[in-house]
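[1] Here's my sequence, what's the structure:
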Amino acid sequence: MIVKDMLPISFLEGGGFLELMASVEPDYRVPGRTTMTKRIEKLYKDKAEDLRRSLSTISKVSITTDGWTALTTESYVTITCHYIDSEWEMKSAVLQTRATPERHTAENLAEGLRSATESWGILEKVTACVHDNASNVTLANNEYLDWDSSPCYAHTLQLAINDGFKLKPIHHIVAGARRLVSHFHHSTVATQALCQKQVDQTLPDHRLIQYCRTRWNSIYDMFDRLLEQRWAVAAVLSDRSVTTLSDARTLDLADDSWIVMEEMLPVLRSLKCATTALCGESGVSSSMIYPVTATLLTKHLPAAPEESKKVAEYKQTVSVSLKRRLKPDEESSVHRIVS
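    Numbers count the residues shown, from 1 in each chain. Sure thing, here's the model as predicted:
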């Protein structure tokens, strides 16, 4: 239970758990931290040995790697292995998550990847490594390692999408929407008033969604929810017993901003669907890159006659950025599909 639910070992000493065990099985002696630590370590060794045996029967594998920073500002690198077993089922396994206090140079990253794959006996079996678009890990895979370097397409798409959000008019609208949502998240009075306005206007009892910088999809979610609750939000901002006039002037979005948000929803929805499809773990998503890209470039990103100039510029920026970020062979393949 501790391993499966990722509970701290101190869970064993919790008063509620001890009372539960005393009620369920009074004669059971709950193991201490030392005993449980040894059991978890043994479980890890057993699982690692099972994985090692499985990998020994596989001829080819691919890996993915990503660096991240914990809340304690410690840097970690995770390496995941992907392969097809003898039953033709795709399998994935996390090989390691280790702290990386050293500088994240291309040489150090390459040595970390080489050491990890070698320790699992798969160094000569790796056909490709999927990674983000950071220059250091890209250089590590291209110059120091003998396998194909495959930048994560979902990350590439995200970078192109974010280039569109950097356009000044779009950035201004996102900032205004974020400021509006933040007001409701930090004001108990405004939140309670919004709940009452939702009842009065028979709108869904939904909380406004804030934009998260590390998840561009949350901009779509923020716009979608604001449009759903637009008139309830407007009613709260116009209620002087809840919102002061100065705050209302600062927070209220112009009609043009609401129109752009509404026009952007379809294209953002398409981009969100593409990102979601390419982030799945249960299937081989690489085969979807060309058709997804071709569909975006020919159907969802071309400007429509009836939409505003701001939305057309956003689409154009994302389209140009996406084409620029594709590898030459990828761009030619997409071009053939489009043609």
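[2] make it CA atoms for all contacts and neighbour counts henceforth
    Noted.
[3] gap between the two ends of stretch 225-232?
    With Cα to Cα, to the nearest Å as the measure, stretch 225-232 spans 11 Å from end to end.
[4] which parts of it are buried?
    Going by neighbour count (16 or more other Cα atoms under 10 Å), the buried part of stretch 225-232 is Arg225, Leu226, Leu227, Gln229, Trp231, Ala232.
[5] Can you name every helix or strand that the host helix or strand of the second one contacts?
    Counting by DSSP states H and E, the element that carries Leu226 is helix 217-228. Of the remaining helices and strands, those touching helix 217-228 by 3 or more Cα pairs under 8 Å, 6 or more residues apart in numbering; DSSP states H and E are helix 168-186, helix 255-277.
[6] would you turn these into TSV with mean neighbour count, distance to Val24 and mean pLDDT?
    As requested, those are exported to TSV (neighbours: other Cα atoms under 10 Å; distance: least, Cα to Cα, whole Å; pLDDT from 0 to 100):
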stretch	mean neighbour count	distance to Val24	mean pLDDT
helix 168-186	17	43	96
helix 255-277	17	44	93
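[7] Distance of the residue nearest the centre of the chain relative to Gly16?
    Centroid-nearest residue in the chain, with Cα atoms, centre = their mean: Arg215, separated by 5.8 Å. Distance, Arg215 to Gly16, by Cα to Cα: 37 Å.
[8] go on, Ala304?
    Separation of Ala304 from Gly16 (Cα to Cα): 60 Å.
[9] now swap in Ser308 and tell me
    In terms of Cα to Cα, Ser308 sits 59 Å off from Gly16.
[10] Of these two, give the one with the bigger neighbour count.
    Ser308 (15 against 11; other Cα atoms under 10 Å).
[11] give the contact list for that one.
    Val260, Glu263 (Cα atoms under 8 Å, 6 or more residues apart in numbering).
[12] Please state the backbone phi and psi of it?
    The phi and psi values for Ser308, taken as degrees, to the nearest 10, are phi -70, psi 160.
[13] likewise Thr105?
    According to degrees, to the nearest 10, Thr105 has phi -80, psi 160.
[14] residues near it, how many?
    Using other Cα under 10 Å, Thr105 has 14 neighbouring residues.
[15] start the count at 602, not 1, going forward
    Will do, 602 is the new start, and the previous item becomes Thr706.
[16] The spatially closest residue to it that is not a sequence neighbour: what secondary structure?
    Distances taken as Cα to Cα, 6 or more residues apart in numbering place Asn737 nearest to Thr706, at 5.9 Å, with adjacent residues excluded. At Asn737 the chain is in helix, as set by DSSP: H, G, I helix; E, B strand; the rest coil.
[17] who are the neighbours in contact with Asn737?
    Taking Cα under 8 Å, 6+ apart as the criterion, Asn737 is in contact with His705, Thr706, Ala707, Leu710.
[18] mind listing what the first one touches?
    The neighbours of His705, taking Cα under 8 Å, 6+ apart as the test, are Asn737.
[19] ok, 10 Å please
    His705 sits next to Gly668, Ser676, Val678, Ala711, Asn737, Val738 when contact means Cα atoms under 10 Å, 6 or more residues apart in numbering.
[20] go on, the second one?
    Taking Cα under 10 Å, 6+ apart as the definition of contact, the neighbours of Thr706 are Glu712, Ser736, Asn737, Val738, Leu740, Ala741.
[21] So it versus Leu740, what's the distance?
    Taking Cα to Cα, one finds Thr706 at 9 Å from Leu740.
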